[in-house]
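Trainee: Dropping the sequence and predicted coords here.
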Amino acid sequence: MTDDEPTGFDWRNVSNDELNGDRRRDAYAEKLRRSVAAIQEYNAGRELAEQYAINSSSLRQMTKVKP
């Protein structure tokens, strides 16, 4: 099996450490989902000037994945 082949594995129950160390393509969606959730949690209740933007650049920096 190559890194590009989907495994059908449910990534939602995997720890962040394990997920971040995995390079399989089917883990990308969960990495992106968790990154968006983390940014939204950080931004909640903050002034606009203090918030992080959710865009492809910020997601790529957090996940090392090309969205």
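Mentor: Yes, it's here.
Trainee: can you list contacts of stretch 51-60?
Mentor: Residues from elsewhere that reach stretch 51-60 (C-beta atoms under 8 Å, 6 or more residues apart in numbering): Leu32, Ser35, Val36, Ile39, Gln40, Tyr42, Asn43, Val65, Lys66, Pro67. For the C-beta atoms, the positions are set from N, CA and C on the backbone; glycine is no exception.
Trainee: Only the buried residues of that stretch, if you could.
Mentor: Leu59 (16 or more other C-beta atoms under 10 Å).
Trainee: which stretch of helix or strand covers the residue nearest to Asn16 when sequence neighbours are not counted?
Mentor: Nearest non-adjacent residue to Asn16, counting by C-beta to C-beta, 6 or more residues apart in numbering: Arg34, 7.2 Å away. In the assignment (DSSP states H and E), Arg34 maps to helix 28-43.
Trainee: quick one: contacts of that helix?
Mentor: By C-beta under 8 Å, 6+ apart, helix 28-43 touches 11-12, 14, 16, 19-20, 51-52, 54, 58-59, 62-63, 65, 67.
Trainee: looking at this structure, which helix or strand is least sure?
Mentor: Using mean pLDDT, DSSP states H and E, the weakest-scoring helix or strand in the chain turns out to be helix 16-20, at a mean of 85.
Trainee: ok, Gly21 to Tyr28 distance?
Mentor: 14 Å (C-beta to C-beta, to the nearest Å).
Trainee: Which of those two has more residues huddled nearby?
Mentor: Using other C-beta atoms under 10 Å as the criterion, Gly21 and Tyr28 rank with Tyr28 on top: 17 against 10.
Trainee: What pLDDT is listed against the more buried one?
Mentor: Looking at Tyr28, its pLDDT is 88.
Trainee: likewise Asp3?
Mentor: 51.
Trainee: Check the one 5 residues further on too.
Mentor: Listed pLDDT for Gly8 reads 73.
Trainee: for Phe9, helix, strand, or coil?
Mentor: Here Phe9 is recorded as coil under DSSP: H, G, I helix; E, B strand; the rest coil.
Trainee: Run through the residues that contact it.
Mentor: Contacts of Phe9 by C-beta under 8 Å, 6+ apart are Asp26.
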